[in-house]
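# Following is a predicted model, sequence given first.
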Amino acid sequence: MIRVYAPASIGNFAVGFDALGAALAPIDGTLLGDVVEVSAAEQDTFVCSGDYAHKLPANAEENLAYQCLIHFKEHVAPTMPAVKLELKKNLPIGSGLGSSACSVVAAFAALDKFAETNLSQEQLIELMADFEAIVSGGRHYDNITPCYLGGLQLTGELIPNKSISLPVDNQWYYVAAFPGFSLNTAKARSVLPKQLSMHDSVEFAQRLSAFSSLLLTGRFDAALSIMSDEIAEPHRAPLIQGFAEAKSALPEFGAEIVSISGAGPTLFTVCKSLEAAQKCAAWLNDNYINEQGFCHICQLDQLGTRQL
Ligand SMILES: Nc1ncnc2c1ncn2[C@@H]1O[C@H](COP(=O)(O)OP(=O)(O)O)[C@@H](O)[C@H]1O
Ligand SMILES: N[C@@H](CCOP(=O)(O)O)C(=O)O
């Protein structure tokens, strides 16, 4: 049997709309992500279990992990014998934590291992991005590649091998707070402007290229000083109850950056010490999340998708 874990991720990472994403590892060791198990069976079987399984459509055909299995059998490994594929759905849906990407990445990585198809990294990433695009309202790689490869990834169609890994300060801590309600990614994409002005396009290019270069040259504080989301956050913040209050309250507790993870409603902070992250997490627990929400202090998951 093959058992694969794929981690949650922060899409956009503030400065890189659709182009920069980071995989998350809670520092308490919690596995914040989906697990897919593939084993031999008499006939193809799909099982969806886990804390958030009941939030997904009851019909297997509407489940991305099942769709990955069907596609894999039809187009990648037609001679693969029957399997049982179980998705343990551990991430909330519509959370801004790359939940759909997580299921897709775990499913294809597990199937590739089980069938020994040895797809190249780029082939797998393309396949994964195709499926993520089905539900999110746009083809973007900023959950797929960090989830699959780990770390912080500058990613997209134009980029050689689809992704370049960027370093971060290993003293940075990220607080990820899911408030407990969902926001559909396609809906959160529909509120964005369809076009950017020349000024805004140039500024976006400058910010992302400078941020990436500063990280690559180890100038981490300078990178933080220009880390802000001028593209998506202003349009999405009004959709997320409590975000504006959190954004203005958290710097006092040591948050260097407060922004939206992916399409939201998860909020993330970047903090330069564990103490600051703990203070931000305490505030978020008291003021941002409801009974269905959660908050994790994280560093980056440098391993990405792996066999357990
Ligand atoms: N295995 C799956 N994991 C997550 N979402 C799935 C899965 N299968 C189907 N879906 C559907 O895809 C959509 C995902 O919504 P989206 O807002 O894009 O989630 P997220 O931002 O968390 O990835 C939902 O309509 C959900 O029902
Ligand atoms: N770049 C995408 C990221 C969506 O992430 P998700 O976790 O909300 O699916 C966007 O901002 O739309």
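Done, it's in. Ligands and ions are numbered 1, 2, ... in the order given.

# This structure - how does it break down into domains?
According to automatic domain parsing, the chain comprises the domains 2-166, 173-300.

# Residue 306 is nearest to which of the ones you listed?
Judged by Cβ to Cβ, the one of these that comes nearest to residue 306 is domain 2-166, at 6.0 Å. Where you see a C-beta, it was placed from the backbone N, CA and C, and this is true even at glycine.

# residues contacting the closest residue in space to residue 128 that isn't next to it in sequence?
Spatial nearest neighbour of residue 128, chain neighbours left out: residue 144 (4.7 Å); criterion: Cβ to Cβ, 6 or more residues apart in numbering. Contacts for residue 144 (Cβ atoms under 8 Å, 6 or more residues apart in numbering) come out as 101, 104-105, 125, 128-129, 132, 155.

# how about the nearest residue to residue 76 once chain neighbours are set aside, secondary structure?
The shortest distance from residue 76 to any non-neighbouring residue, by Cβ to Cβ, 6+ apart, is to residue 117 (5.8 Å). Taking DSSP: H, G, I helix; E, B strand; the rest coil as the rule, one finds residue 117 in the coil state.

# Assess the claim that residue 117 and residue 79 are in contact.
No - between residue 117 and residue 79 there is no contact under Cβ atoms under 8 Å: 10.3 Å.

# who has more neighbours, these two?
residue 117 (15 against 6; other Cβ atoms under 10 Å).

# And the more buried one, how far from ligand 2?
Relative to ligand 2, residue 117 is positioned 27 Å away (Cβ to the nearest ligand atom, to the nearest Å).

# Pop out the phi and psi values for that residue.
Phi and psi for residue 117, reported as degrees, to the nearest 10, are phi -80, psi -20.

# any idea how far it lies from ligand 1?
Distance from residue 117 to ligand 1, by Cβ to the nearest ligand atom: 21 Å.

# Present the domains of the chain as CSV; the columns should include mean pLDDT.
Formatted as CSV, these follow (pLDDT from 0 to 100):
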stretch, mean pLDDT
domain 2-166, 96
domain 173-300, 97
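
# Looking at these, which one is packed in the most?
Ranked by mean neighbour count under mean count of other Cβ atoms under 10 Å, the domains of the chain are led by domain 2-166, which reaches a mean of 21.

# which parts of the chain sit against ligand 1?
Contact residues, the chain versus ligand 1 (Cβ under 6 Å from any ligand atom): 56-57, 62-65, 87, 93-95, 98-100, 103, 135-136, 184-185, 262-263.

# Surely residue 57 touches residue 65?
No - between residue 57 and residue 65 there is no contact under Cβ under 8 Å: 11.7 Å.
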